[in-house]
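[1] from the sequence below, what's the structure:
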Amino acid sequence: MNGEPKFVSVDELPDDLLKMPPPYWRTGGAPFHIEDALSRLVELLHELLPIHAKTEERLDQFYTKYPDEHSAESDVAMEEFGEICDALWEIEHKIRMKCELAILMAAIHAEEMINRFCVFNLPKELAESLERLSPAEKLTAAASHLNQKAVRSTAAYSAIAALSAWRNAFAHGHCVDRPVKTLRHNHLISPKEYPGVPDGVADVLKHIDAYNRLSKYLARISQNSYTASTSDAENYDKLLREIRKFKFDGGPTVYSVSRQPPNKRVHPTRSKQRASEA
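    From the prediction side, this is the model:
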């Protein structure tokens, strides 16, 4: 912006945290990935509905044609089964990828959000000394410095702990649905059920909700007005409301899916008339 000071070295930055900004925080870009992934997820869920319905219809015909297990597992039947399910499997894979991307980026941005909070709310020496701590430890130290009590019992602490655990598992190449205590345990022991689309959607709702709780907590305890905004969380809340309209019943791979119809507005006079009739 015109008229704002431009800094070319760290020595030029103000020491007084309440005199910041400027300079304004330059993001690593994770929030844009979160919003893009969630927006695309909503689109994919809309696309899933007709594909899932058509696949179910064709599978009913398939099992009528191959009524017993022996005939259904023949090479010809398996080839036909794969052709029927191919479009569904493809969109399910895309949905799972967007769920994972949204969670990963939320975990990354959650740590960035804590880093930004530290820079704009803590003395410079303290903020820099926290850099090598885990996100949960940074949050505890920063909030405690601002006289927030029992930080570890807050929903914000649980949120960043869960997000960091998911990110660490994913970033180190582990299966996030399995314990990561050993490589053999994580990668060689099959789960009771492999996660599917309903699990992915449930996970993204849980973890983005967690991110939003952290965002709102930091905004509430912030002493600097610059870090008191929850605009990102508000944007994500809107997208989560759209995702929650899709309802899943059944298991991870064999499930039914539907979408709640838009709320119908009732004319006030008709509402009063119905109430009087009741």
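[2] quick one, longest helix in the protein?
    helix 75-121 (DSSP state H).
[3] number of residues surrounding Ala142?
    Ala142 has 23 neighbours, counted by other Cβ atoms under 10 Å. (C-beta placed from N, C-alpha, C; glycine too.)
[4] can you pull the contacts of it?
    For Ala142, the contact set (Cβ atoms under 8 Å, 6 or more residues apart in numbering) comprises 114, 117-118, 121-122, 130.
[5] low pLDDT regions in the stretch 1-150 of the chain?
    Residues of the stretch 1-150 of the chain that meet the criterion pLDDT under 70 lie in 1-5, 7-9.
[6] let's see the pLDDT reported for Glu193.
    Note for Glu193: predicted pLDDT of 86.
[7] can you check Thr230 too?
    Confidence at Thr230, expressed as pLDDT, is 88.
[8] name the nearest residue to it, sequence neighbours excluded.
    Once flanking residues are discounted, Thr230 sits nearest to Ala219: 4.7 Å by Cβ to Cβ, 6 or more residues apart in numbering.
[9] contacting residues for that neighbour?
    227-230.
[10] quick check, nearest of the residues you listed to Ala169?
    Ala169 has its nearest neighbour among those in Thr230, at 27.5 Å by Cβ to Cβ.
[11] how far away is the residue nearest to Thr230 from Asn235?
    Distance from Ala219 to Asn235, counting by Cβ to Cβ, to the nearest Å: 14 Å.
[12] cool, and His93?
    His93 is 26 Å from Asn235, where distance means Cβ to Cβ.
[13] the two: who's more crowded?
    Asn235 (16 against 11).
[14] how about the helices of this structure, start to end?
    Applying DSSP H to the chain gives helices spanning 30-65, 69-72, 75-121, 124-129, 135-145, 155-171, 183-187, 197-221, 231-244, 268-277.
[15] can you name every helix or strand that the longest helix of the chain contacts?
    In terms of contacts (3 or more Cβ pairs under 8 Å, 6 or more residues apart in numbering; DSSP states H and E), helix 75-121 is packed against helix 30-65, helix 124-129, helix 135-145, helix 155-171, helix 197-221.
[16] and the angle for it with helix 30-65?
    Angle of helix 75-121 versus helix 30-65, following axes from the mean of the first three to the mean of the last three Cα atoms, to 10 degrees, is 160 degrees.
[17] tell me the pLDDT at Ala275?
    Per-residue pLDDT puts Ala275 at 41.
[18] what do you get for His267?
    His267 is given a pLDDT of 50.
[19] give me the number of residues near the closest residue to Ser222 other than its chain neighbours?
    The shortest distance from Ser222 to any non-neighbouring residue, by Cβ to Cβ, 6+ apart, is to Ala228 (4.3 Å). Ala228: 15 surrounding residues under other Cβ under 10 Å.
[20] which of the helices of the chain sits closest to Gly251?
    helix 197-221 (7.8 Å).
[21] that closest one: which residues count as buried?
    Using 16 or more other Cβ atoms under 10 Å as the test for burial, helix 197-221 gives 197-201, 203-204, 207-219, 221.
[22] and Thr27, how many neighbours?
    Neighbour count for Thr27, taken as other Cβ under 10 Å: 13.
[23] quick one, what contacts it?
    The contact partners of Thr27, by Cβ under 8 Å, 6+ apart, come to 109, 112.
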